[in-house]
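>>> show me the folded form of this:
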Amino acid sequence: MDRTQNDSLNPESVIERYLDNEIEVETLETFLGFRAAESIQATATLLAEGEDLADDLAEL
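From the prediction side, this is the model:
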């Protein structure tokens, strides 16, 4: 969280930090609001599932 506080707090950097598991969804919500955080969390879940599926298909 220190890095988030010290850097400029533009939405892209906050989202990037969330996707890199550097901040929790609660922090994301604080900076971007509930609806945006919920949407980003859902997107991150879909991305992770897609990566898992791609890995599974690559093993075939």
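
>>> C-alpha from now on. contacts and neighbour counts both.
Will do.

>>> skipping adjacent residues, who's closest to L19 in space?
Computed as CA to CA, 6 or more residues apart in numbering, the closest residue to L19 that is not its neighbour in sequence is A44, at 6.9 Å.

>>> tell me both backbone torsions, phi and psi, for R35.
Here is the backbone geometry of R35 (degrees, to the nearest 10): phi -60, psi -40.

>>> nearest residue to it other than its sequence neighbours?
The spatially closest residue to R35, leaving aside those adjacent along the chain, is E29, at 8.0 Å (CA to CA, 6+ apart).

>>> where does the one you found land on pLDDT?
For E29, the model assigns a pLDDT of 95.

>>> make residue 1 into 34 and carry on from there
OK, 34 is where the count begins now, so the last one is E62.

>>> enumerate every residue touching it.
Shown in contact with E62 (CA atoms under 8 Å, 6 or more residues apart in numbering): R68, A69, A70, E71.

>>> please indicate which of those are buried?
A70, E71 (16 or more other CA atoms under 10 Å).

>>> from the contacts of E62, pick the one nearest D85.
E71 (21.3 Å; CA to CA).
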